[in-house]
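Engineer: Sequence first, then the predicted structure, then my questions.
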Amino acid sequence: MENDMNRPVLSFHNLTIGYGKGPKQKVVAKELIGSLKRGVLTSIIGSNGTGKSTLLRTLAGFQTLLDGEVFYGMTPISEISNADLSKKVSVVLTDRIEVPNATVFEIASLGRSPYNGRWNRLDEHDYNLIIEALDQCGILHKKEDLLSSLSDGERQKVFIAKALIQQTDIIILDEPAAFLDFTARIEVMKLLRDIAKSRNISILLSSHDLDLALQLSDNIWLFYPHGPLVEGIPEDLLFKGCFNDILKSDHLKYNQVRARYEVYYETFQKLRVRCTREMYSLLSSAFKRENIEVVLVEEITNDGVIWEQGLFSFVKQNQTVFQCETIAEIVHYTKRNQ
Ligand SMILES: Nc1ncnc2c1ncn2[C@@H]1O[C@H](COP(=O)(O)OP(=O)(O)OP(=O)(O)O)[C@@H](O)[C@H]1O
């Protein structure tokens, strides 16, 4: 039984994705290999135009694969009817779908149509599933509201609830956080992670938010242009430097201490500072913008900055020559006097 649970719910081998047929065929990427397991949130990371959406659409059966095979469990996708596929995978796309006069409940209830057919007549079981999913997505209190009256973050939660109601083992989302503000992005990503765990299903999404994807994903598919797809947990990929090939920019650098990519500033000066670790991080980031590297020391001999009891002291030849309370002031003073 445990083996069954560990078996991939979806896998693909030597997959070629793209568009068209014959001489006009456009291959977007080939030799793609990957798999999805239950209870796992996987994020696809890759540059614009690499083929993330094309891959997601191919895996969901929205477009034909050019070569290779996609398996749902042990069954090739080509042998699964559309009706059966919609009971195995639900899809949330980026497109802003406008449905005038439809309430949140009505939109979410569409998730039952693979089971109920064209008229989607709901029974008590369906009703309970819808309420439960809206509740898990934190949107139940808006169930009678029009979809058109919701914020982008709330809308996204409705479409995630609809996907849940479809009761599939896999949910695929194309850039679910694309139009959302910082808080809503975190909420939606955290919700997706909780859903993967609590429902023991597999969630696959594409994202351009590297920071968030690295913090919240169990697994990353790093999509290199034209392939391959490199798979691993975020920290293994970071340690191996796998992102460096994709994030090619002179303005970006991996910070090994913080385990994240940051804007790179060339530094021309060093400033020795005695302060807490928390203040060191803030000063580092403020001074970096002025091309000054902050070095944390135990004692200031000769020159440097001391922060204690809420006060910055600028020390020159062991004499305090300036004091202030804010980071802005100490940065400003240092720029003029170092
Ligand atoms: N319908 C289509 N017909 C032909 N080529 C297409 C079609 N849709 C997309 N493409 C091309 O396929 C390639 C991959 O596009 P895709 O949208 O999958 O990339 P993506 O990684 O999702 O990009 P982004 O990060 O910008 O969303 C691009 O070169 C794109 O121009």
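Structural biologist: That came through fine.
Engineer: Hmm, Gly153 and Asp181 touching each other?
Structural biologist: Yes. Applying CB atoms under 8 Å, one finds Asp181 in contact with Gly153, separated by 7.3 Å. Backbone N, C-alpha and C define where each C-beta goes, glycine included.
Engineer: can I assume Asp84 sits in a helix?
Structural biologist: Yes. Looking at Asp84 with DSSP: H, G, I helix; E, B strand; the rest coil, it is inside a helix.
Engineer: how near is it to Asp174?
Structural biologist: 22 Å (CB to CB, to the nearest Å).
Engineer: for the record, mean pLDDT for stretch 241-261?
Structural biologist: Averaged over stretch 241-261, pLDDT sits at 85.
Engineer: ditto for stretch 56-65
Structural biologist: 95.
Engineer: Pull the distance from it to the chain's centre.
Structural biologist: Taking CA atoms, centre = their mean, to the nearest Å, one finds the center of stretch 56-65 at 21 Å from the center of the full chain.
Engineer: Contact residues of this protein facing the ligand?
Structural biologist: 19, 26, 28, 46, 48-54 (CB under 6 Å from any ligand atom).
Engineer: I'd like to know how far the residue nearest to Glu144 when sequence neighbours are not counted sits from the ligand.
Structural biologist: Leaving aside its chain neighbours, Glu144 sits nearest to Thr103 (5.7 Å; criterion: CB to CB, 6 or more residues apart in numbering). In this view, Thr103 and the ligand are 31 Å apart by CB to the nearest ligand atom, to the nearest Å.
Engineer: How many neighbouring residues does Thr103 have?
Structural biologist: Residues within reach of Thr103, counting by other CB atoms under 10 Å, total 18.
Engineer: ok, now the one 3 residues further on?
Structural biologist: Glu106 sits with 16 neighbouring residues when counted by other CB under 10 Å.
Engineer: cool, Pro8 as well?
Structural biologist: Pro8: 17 neighbours (other CB under 10 Å).
Engineer: centroid residue for this structure?
Structural biologist: Computing the C-alpha centroid of the chain and ranking residues by CA atoms, centre = their mean puts Ala213 first, at 3.3 Å.
Engineer: what sits up against the longest helix anywhere in the chain?
Structural biologist: Counting by DSSP state H, the longest helix found in the chain is helix 182-198. Contacts with helix 182-198, where a contact means CB atoms under 8 Å, 6 or more residues apart in numbering, come from 39-41, 136-138, 151-153, 156-157, 160, 164, 171, 173, 176-177, 180, 201-203, 205, 209, 212-213, 216-218.
Engineer: what are the ranges of the strands in the stretch 1-150 of the chain?
Structural biologist: Secondary structure of the stretch 1-150 of the chain (DSSP state E, counting those that start in this stretch): strands at 10-19, 26-36, 41-45, 67-72, 75-76, 89-92.
Engineer: what's the closest of the ones you listed to Leu252?
Structural biologist: strand 41-45 (13.8 Å; CB to CB).
Engineer: Please work out the angle formed by the directions of that closest one and helix 182-198.
Structural biologist: Relative orientation of strand 41-45 and helix 182-198, computed by axes from the mean of the first three to the mean of the last three CA atoms, to 10 degrees: 130 degrees.
Engineer: can you pull the buried residues of strand 41-45?
Structural biologist: By neighbour count on 16 or more other CB atoms under 10 Å, the buried set for strand 41-45 is 41-45.
Engineer: same question, stretch 82-101
Structural biologist: Buried residues in stretch 82-101 (16+ other CB under 10 Å): 85-86, 88-93.
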